[in-house]
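Novice: Turn this into a model:
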Amino acid sequence: MIETDKTKNTTSNQIILDDLLKKQHLIYQGGGSAKIEKQHVKGKLTARERIDYLMDADSEFYELGLFAGYEMYKNEGGCPAGGVIVGIGNINQRQVIVVANDATVKAGAWFPITCKKNLRAQEIAIENRLPIVYLVDSAGVFLPMQDEIFPDKEHFGRVFRNNAILSSMGVPQISAIMGSCVAGGAYLPIMSDESIIVKGTGSIFLAGPYLVKAAIGENVDQETLGGASTHSEISGVTDYAVETDEECLDKIKDIVGNMGIVHQSHLARSQAESPSLAVQEILSHFPEQRNLPYDSYKILDCIVDRNTFTEYKAGYGQTIICGYGKVDGWHVGIVMNNRAIVKTKKGEVQIGGVIYSDSADKATRFILNCNQKKIPLVFLHDVTGFMVGSRSEHGGIIKDGAKMVNAVANSTVPKISIILGNSNGAGNYAMCGKAYDPRFIFAWPTAQIAVMGGSQATKVLLQIEESKKQYNEDDHAERLEKIKQKYERETSAYYAAARLWVDEIIRPDQTREYISMALKVAQNAAIKPFNTGVIQT
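Specialist: Residues are numbered from 1 along each chain as shown. Predicted structure coming up:
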């Protein structure tokens, strides 16, 4: 029985959630009230207003990448949400992913993180065969950073490559030109299945009037060059011309409503049941300090449908919990780090959150079983890494860890990862971190992602620093604190979300909801055959 102060945990976690809420509210303002008013004066809705109008009134919009670019572009004035709003919701009862340029942020210009976020949205559409709607209103590439956006494999050109791939897969793409659509960006709507342009505000061209004048000496205004009349009546580039943003969004609703059946469910789902514990209670069971043990089963009781969890090899490899269960009715396999300190039948004490050889062996077998049975996997991270030391090395910890990593890497069932607390070192890999292609990866605001734990890392970094230069011993504590603060900032959930290492920071009590949403998206795509390749025994 693990003793925990539930009141203290709840209070501490609520402070963390209040801070999350404040940060979210600030990002929702985009480029600020003056820029929002400027949009309205032009007769345009903002990106968020467009999405609100577009989504079904009774459906939830699950935003992804809200913290993209967070604190990354201070010298350029910031880039809230990466200058583009991305999320999943329903239009006319059909689930879609929406990508909407935020023209209040640098006129919708593309920063490097904007490009990465757009590509992530398309990746989700490709992996899950999910229809995608683009609301285009962008000045194009942010020229001062063009070298980080334009030429590489995962840069701007990849967007149009993905347009072509999605089209070849038969995944519907709809584009609305609701503002500027310039240069290379002009290909995106025209490589979509259908495109709509708003009269007076929408424009699309490879080069704007100033560049045309500089390049060939022609004087031409924006509307004549690439406005709605030009492209709907002369060039035939666009399919529909509309008068207002609202009419444009209504047209999208009509088009989506008339889509044929483009998928069938490939995942099992039963009648949903409430969890054994209220989802809000999850805050009281997660400790305020990352290094404290806690009862991981209580966390599961707030996520998994009541009386549906069947634990696999419960008495073996106890620092990882594996089992079959249901989340909001979806049939899943769960792999979760057990943060309790456990005692084996041999009398050995195993540290919670550490992966031992027996834990890795058990998890590998369970992952193989889930792939064999076509059961999606949910990974719940709070892992400090694999066990180290001569005893573990002699016992083959590397071999057993490699087996687990192999199974995760080759899994073909949908994988959903949630980072609750620590996600360190190779433990991040074995628990299906970003590098292992989870369909979605979410983090609690308490998450910390790093190559090793903070206390160990800061001491190592200080030793390296002091080995290079003679320091006054009196400054030791100050230097240690400075390194610690930097390391903590760079391992936080916000630092990870800013760089899209996770898809979104979610509240702990939203975990069940986000898993359900992710599996609803994942059901669109068929599961490929499974083969692990060579595994050492």
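Novice: Once you drop chain neighbours, what's closest to residue 60?
Specialist: residue 89 (6.6 Å; CB to CB, 6 or more residues apart in numbering). The way it works is simple: take the backbone N, C-alpha and C, and place the C-beta from them, glycine included.
Novice: In a strand, that neighbour, correct?
Specialist: Yes - per DSSP: H, G, I helix; E, B strand; the rest coil, residue 89 lies within a strand segment.
Novice: okay, now it: neighbour count?
Specialist: When neighbours are counted by other CB atoms under 10 Å, residue 89 registers 21.
Novice: beta partners of it?
Specialist: residue 96 (DSSP bridges).
Novice: pretty sure it contacts residue 63?
Specialist: No - between residue 89 and residue 63 there is no contact, the gap being 9.1 Å when judged by CB atoms under 8 Å.
Novice: my read: residue 383 touches residue 339, true?
Specialist: No - counting by CB under 8 Å, residue 383 does not reach residue 339; the two are 9.1 Å apart.
Novice: Find residues that contact each of these two.
Specialist: Residues touching both residue 383 and residue 339 (CB atoms under 8 Å, 6 or more residues apart in numbering): residue 353.
Novice: do you know how far the residue lying farthest from the centre of the chain is from residue 211?
Specialist: The centre of the chain is farthest from one residue, residue 217, which by CA atoms, centre = their mean lies 46.0 Å away. Residue 217 is 12 Å from residue 211, where distance means CB to CB, to the nearest Å.
Novice: When residue 383 and residue 339 are compared, which one has more neighbours?
Specialist: More neighbours surround residue 383 than the other of residue 383 and residue 339, with 32 against 28 (other CB under 10 Å).
Novice: Excluding chain neighbours, give the residue nearest to that one in space.
Specialist: The spatially closest residue to residue 383, leaving aside those adjacent along the chain, is residue 427, at 3.5 Å (CB to CB, 6+ apart).
Novice: which regions of the stretch 101-250 of the chain sit below the pLDDT cut-off?
Specialist: In the predicted model, the stretch 101-250 of the chain carries pLDDT under 70 at residues 184.
Novice: Show me where it has its strands.
Specialist: 132-138, 173-182, 194-198, 203-205, 240-242 (DSSP state E, counting those that start in this stretch).
Novice: Quick one: list the elements packing against the last one.
Specialist: Applying 3 or more CB pairs under 8 Å, 6 or more residues apart in numbering; DSSP states H and E, one finds that strand 240-242 makes contact with strand 194-198, helix 245-257.
Novice: how much space is there between residue 245 and residue 214?
Specialist: 32 Å.
Novice: Which one's more surrounded, these two?
Specialist: residue 245 (25 against 10).
Novice: what about the more buried one, distance to residue 96?
Specialist: Taking CB to CB, one finds residue 245 at 18 Å from residue 96.
Novice: cool, residue 131 as well?
Specialist: In terms of CB to CB, residue 131 sits 5 Å off from residue 96.
Novice: Overlap in contacts, these two.
Specialist: In contact with both residue 131 and residue 96: residue 256, using CB under 8 Å, 6+ apart.
Novice: wait, what's in contact with the closest residue to residue 9 other than its chain neighbours?
Specialist: Nearest residue to residue 9, sequence neighbours excluded (CB to CB, 6+ apart): residue 284, at 5.1 Å. Applying CB under 8 Å, 6+ apart to residue 284 gives the contacts 6-7, 9-10.
Novice: any chance you could map the helices in the stretch 151-300 of the chain?
Specialist: In the stretch 151-300 of the chain, the helices defined using DSSP state H, counting those that start in this stretch lie at 157-169, 187-190, 209-216, 222-226, 228-229, 245-257, 282-285, 296-301.
Novice: who wins for proximity to residue 112 among the ones you listed?
Specialist: Among the helices of the stretch 151-300 of the chain, helix 157-169 comes nearest to residue 112, with 12.6 Å by CB to CB.
Novice: Go through the closest one and flag the buried ones.
Specialist: Buried residues in helix 157-169, counted by 16 or more other CB atoms under 10 Å: 157-160, 162-163, 166.
Novice: need the residues you listed in TSV with distance to residue 362, can you?
Specialist: Compiled in TSV, those are given as follows (distance: CB to CB, whole Å):
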residue	distance to residue 362
157	44
158	39
159	42
160	45
162	38
163	43
166	39
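Novice: Out of those, give me the two with the largest separation.
Specialist: Across the buried residues of helix 157-169, the longest distance by CB to CB is 15.1 Å; it joins 157 and 166.
Novice: any idea how far residue 126 is from residue 253?
Specialist: 24 Å.
Novice: try residue 217
Specialist: 43 Å.
Novice: cool, and residue 148?
Specialist: From residue 148 over to residue 126 (counting by CB to CB), the distance is 23 Å.
Novice: for the chain, longest helix please?
Specialist: Criterion DSSP state H: the longest helix present in the chain is helix 6-28.
Novice: From the chain's centroid, how far away is that helix?
Specialist: Remark: helix 6-28 is offset 20 Å from the chain centroid, using CA atoms, centre = their mean, to the nearest Å.
Novice: can you pull the buried residues of that helix?
Specialist: Buried, per 16+ other CB under 10 Å, within helix 6-28: 9-10, 12-13, 16-17, 20, 23, 27.
Novice: For the nearest residue to residue 310 once chain neighbours are set aside, give me phi and psi.
Specialist: Closest residue in space to residue 310, ignoring its immediate chain neighbours: residue 324 at 4.7 Å, by CB to CB, 6+ apart. Phi and psi for residue 324, reported as degrees, to the nearest 10, are phi -90, psi 150.
Novice: Could you count how many residues lie near residue 324?
Specialist: 19.
Novice: which secondary element of the protein has the worst mean pLDDT?
Specialist: helix 454-468 (a mean of 60; mean pLDDT, DSSP states H and E).
Novice: Identify the residues contacting residue 378.
Specialist: Counting by CB under 8 Å, 6+ apart, residue 378 has contacts 327, 332-335, 415-418, 515.
Novice: any residues touching stretch 268-282, and which ones?
Specialist: Here stretch 268-282 makes contact (CB under 8 Å, 6+ apart) with 298-299, 301-308, 326, 328-331, 375, 508-509, 511-512, 519, 523.
Novice: Out of those, which sit inside strands?
Specialist: Members of the contacts of stretch 268-282 lying in strands (criterion: DSSP state E): 326, 330-331.
Novice: ok, so of the residues you listed, who is nearest residue 501?
Specialist: Closest to residue 501, out of all of these and judged by CB to CB, is residue 330, at 25.1 Å.
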